[in-house]
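Visitor: Got a predicted structure plus its sequence, pasted below:
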Amino acid sequence: MRIFLVTALLLSLTACASAQRLDAAGDVHTLLVSIRDEDQATFDAHVDRDALKQEISARLTAEAKSPKVDKSWQALGAILAPAIADIAGDALVQPRVFHKVAESYGYKAGQPLPNRIAIAGSLKAMDDGRVCATRTKDGPCILIFTREEGVWKLSGFEGDISTLRIKL
């Protein structure tokens, strides 16, 4: 009897995580369409701009202070990095910039976007209620989504910062 209860509990938790991923997948699909179409209004509705900008800014600042950077440049980087990162954060949180991120996932121009079920398969439920997109089934989180006011919004980027480039 105990095994039955434990199994039932595990199955119900899995179902909740699957429902959460499927729910998020609809908004992730909408975000992908906005990136493809460079639809700024829809992109903005599906992005937590402040959270994403803050994360990108913090990562750029940390890279400027990194031991990889020559010591003579670290002091200058420590002074200028927060302001540069703030400006860069504004410039980088745009649909055209996330074209490169989408391409790194295999979404090329002219190809149809995956459907909601396929997207749900690439999402992973996180312990804190958020979901993240991974490149591979057991891979690390790249894009993080948080549910806010009934909408799953892109709220974090843990991918390679060099993929965030401004298309001129």
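Guide: In hand now; what should we look at? Numbering: from 1, shown residues only.
Visitor: what comes into contact with stretch 152-164?
Guide: 23-24, 26-28, 31, 46-48, 51-52, 55-56, 59-60, 63, 92, 97-98, 100-101, 104, 130-132, 140-148 (C-beta atoms under 8 Å, 6 or more residues apart in numbering). C-beta here means a position set from N, CA and C on the backbone, and glycine is covered the same way.
Visitor: Is the residue nearest to the spatial centre of the chain bridged to anything, and to what?
Guide: When the chain is reduced to its mean C-alpha position, the closest residue under C-alpha atoms, centre = their mean turns out to be residue 143, at 2.1 Å. Bridge pairing for residue 143 (DSSP bridges) gives the partners residue 133, residue 157.
Visitor: now the one 10 residues further on
Guide: Residue 153 forms beta bridges with residue 146, as assigned by DSSP bridges.
Visitor: re earlier: just checking, which of the contacts of stretch 152-164 belong to helices?
Guide: Among the contacts of stretch 152-164, the members falling in helices are 23-24, 26-28, 31, 51-52, 55-56, 59-60, 63, 92, 97-98, 100-101, 104 (criterion: DSSP state H).
Visitor: Show me what the strand or helix carrying residue 74 is packed against.
Guide: Counting by DSSP states H and E, the element that carries residue 74 is helix 71-92. In this structure, helix 71-92 packs against helix 49-64, with contacts taken as 3 or more C-beta pairs under 8 Å, 6 or more residues apart in numbering; DSSP states H and E.
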